[in-house]
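> Give me coordinates for this.
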Amino acid sequence: MAARILVVDDIPANVRLLEAKLMAEYFEVITASDGQSALDIAEKEMPDIILLDVMMPGMDGYEVCSLLKSNPKMRHIPVVMVTALSEVSDRVRGLEVGADDFLTKPLNDVALFARVRSLVRLKMMTDELRVRQEASSRFGSIGSHELDDEDEIANAHILLAESNDLTASKIINFLTELDHKVDHARESRTVIDLGQENSYDLFIVALDLGGEDGLRLCSQLRAHEETRHVPILLVLEEENLSQLAKGLDIGVTDYLVKPIDPNELRARCKTQIKRRRYHDRLTDMLKKSVALAYTDPLTGVFNRRYMNAHLDRAIMEIAETAKPVSTLMLDIDHFKKVNDTFGHASGDEVLKVLAKRVTDAIRDFDMLARYGGEEFVVVMPSATTEQAFAVAERLRARVADTPIGIPGSAEPLTITISVGVATTSDPMEIADSLLDRADTALYEAKALGRNCVCVEHSGSKNAGHTLGIQ
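So this is what the prediction gives:
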């Protein structure tokens, strides 16, 4: 896995040793010898991960990490503190200032490389979401201040997989005191079932589940779509640390060594819950951005751009399905009078109600789009001309027979629509051509007095059923 790593240490021999080890694993390495240089280089080079010594003259690693995490540009760079300090309090302090892990010298190479690969994977996934969200969003990215609020880590829903009831009770009591909701499971099967039924912020998984392999459970959680992106905190004994590298490689995001220190548990849970919620927020904003790009904000149906792409695909599929594609182009009759008489708010209400009625009248796999103004298009895969005409006529009658309540009018307003129908069985026909033919049929319906459906057959206009003019 290619990645750029910034190694920060004031002792040249330590830097050279780490640099040699990392380069042997094909990582790109850049170095800094003090805290200020590390900050400057990090902002300029934007490394994928930072290995940061704690005990440095002047600015120590805790201060450097705190400054990195307070900078919106660099806050998402994973930081691993590398130090000779081994007390739990030192580790907790590092986690509290934003470090993703705290490794004690002398370093275990296998564990180091596994941790680096794990954090790089997480960063790359988050970076990809951020890039996609920022590229598609018209509102920009998430503000940095939003990630510092305590409510970002409050009221988390956690699933604990632990077969030892005494250990489970201690963990549950401590997390409950932090206002988190904790579900407890003793078996892997229960964890998988709960994970698919509920939305969790964090899984805490014991390596030994009463004879079951906790790592196998972690692998299974990563294999299911519902649980794939939920952070996993692995709990293990110190003598089982040799298995940690394998756990990190299969998707474990963090770990905790027994006996469990409550403050370390709190700090690691905070980091992982924050990461989960940031990931969820990015995903949600990306979905909303995509929705905004392809839907009409007033009516909530697809917009013209998406409809064109969808219709192109539907026509091309005729080559495989040998089934026709029909389009309905419909227009609200005398819509300008609605706006002029009752105002644009009333006109907007008419458009929204019409979109709802059309959606209710068509099949689930048909697609409705707002074409522009008061015009809408329905794309109907696998629909013959006769079937499309029947749907259009049913829709026309339903609209005409059910008045719409609007602002500014004591009485419901009766509106009508005109509809043009066009069908193709040619996979080589382009979408614009089919739409032009539907538009031709629509104008024929208007010319015949409106409130009617007309069918276009490759240049031969045949009026369908025509009702009285409104």
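
> how about the nearest residue to S433 once chain neighbours are set aside, what does it touch?
Once flanking residues are discounted, S433 sits nearest to T424: 8.0 Å by C-beta to C-beta, 6 or more residues apart in numbering. C-beta coordinates here come from the backbone N, C-alpha and C atoms, glycine included. By C-beta atoms under 8 Å, 6 or more residues apart in numbering, the contact set of T424 is 315, 318, 324-326, 433-434.

> those strands in the stretch 151-300 of the chain, which residues are they?
157-161, 181-185, 202-206, 208-209, 212-213, 232-236, 254-257 (DSSP state E, counting those that start in this stretch).

> sec struct for M380, please.
Using DSSP: H, G, I helix; E, B strand; the rest coil, the structure places M380 in strand.

> show me the contacts for the residue lying closest to it once chain neighbours are set aside.
Nearest residue to M380, sequence neighbours excluded (C-beta to C-beta, 6+ apart): S326, at 4.4 Å. Residues in contact with S326 (C-beta under 8 Å, 6+ apart) are 380, 383-385, 387-388, 421-424.

> follow-up on the earlier one: and among the strands of the stretch 151-300 of the chain, the most buried is which?
Of all these, strand 202-206 has the most neighbours on average by mean count of other C-beta atoms under 10 Å, namely a mean of 25.

> what lines up beside that one in the sheet?
Strand pairing for strand 202-206, determined by DSSP bridges: strand 157-161 (parallel), strand 232-236 (parallel).

> Keeping just the C-alphas, turn the last one into CSV.
These are the backbone C-alpha positions of strand 232-236, laid out as CSV (Å, rounded to 0.1, in the frame of the first residue of the first chain):
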residue,chain,number,x,y,z
ILE,A,232,-14.2,-2.2,15.8
LEU,A,233,-12.3,-1.9,19.1
LEU,A,234,-10.6,-5.2,19.9
VAL,A,235,-10.1,-6.2,23.5
LEU,A,236,-7.2,-8.6,24.2
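
> now the strands paired with strand 202-206 as JSON lines including mean pLDDT and distance to A293?
Shown next, in JSON lines, are the strands paired with strand 202-206 (pLDDT from 0 to 100; distance: least, C-beta to C-beta, whole Å):
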{"stretch": "strand 157-161", "mean pLDDT": "97", "distance to A293": "31"}
{"stretch": "strand 232-236", "mean pLDDT": "95", "distance to A293": "33"}
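
> looking at those, which is closest to K288?
strand 157-161 (22.5 Å; C-beta to C-beta).

> and for the closest one, what are the contacting residues?
Outside strand 157-161, the residues that reach it (C-beta under 8 Å, 6+ apart) are 168, 171-172, 175, 180-186, 188, 191, 194-195, 198-206, 209, 214, 217, 269.

> 6 Å - rerun?
Residues from elsewhere that reach strand 157-161 (C-beta atoms under 6 Å, 6 or more residues apart in numbering): 171, 180-185, 191, 194, 200-205.

> Kindly export the helix or strand encompassing A397 (C-alpha atoms) in CSV.
For A397, the element it lies in under DSSP states H and E is helix 385-401. C-alpha atoms of helix 385-401 as CSV (Å, rounded to 0.1, in the frame of the first residue of the first chain):
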residue,chain,number,x,y,z
THR,A,385,-47.7,2.4,-27.2
GLU,A,386,-51.1,0.9,-26.1
GLN,A,387,-49.9,0.5,-22.5
ALA,A,388,-48.4,4.0,-22.4
PHE,A,389,-51.6,5.5,-23.8
ALA,A,390,-53.7,3.7,-21.2
VAL,A,391,-51.6,5.1,-18.4
ALA,A,392,-51.6,8.6,-19.9
GLU,A,393,-55.3,8.6,-20.3
ARG,A,394,-55.9,7.3,-16.7
LEU,A,395,-53.6,10.0,-15.4
ARG,A,396,-55.3,12.7,-17.5
ALA,A,397,-58.7,11.7,-16.1
ARG,A,398,-57.4,11.6,-12.5
VAL,A,399,-56.0,15.1,-12.7
ALA,A,400,-59.1,16.6,-14.3
ASP,A,401,-61.5,14.9,-11.9
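
> and it, average pLDDT?
Taken as a whole, helix 385-401 carries a mean pLDDT of 95.

> for stretch 77-90, same thing?
88.

> ditto for stretch 303-318
Across stretch 303-318, the per-residue pLDDT values average to 93.

> buried residues in that stretch?
Neighbour counts using 16 or more other C-beta atoms under 10 Å place 303-304, 306-308, 310-311, 314-315, 318 of stretch 303-318 among the buried residues.

> before we move on, back to that, tell me which of the contacts of T424 fall in strands.
325-326 (DSSP state E).

> give the contact list for the closest residue to D48 other than its chain neighbours.
Nearest non-adjacent residue to D48, counting by C-beta to C-beta, 6+ apart: A3, 4.1 Å away. By C-beta under 6 Å, 6+ apart, the residues touching A3 are 27, 48, 120.
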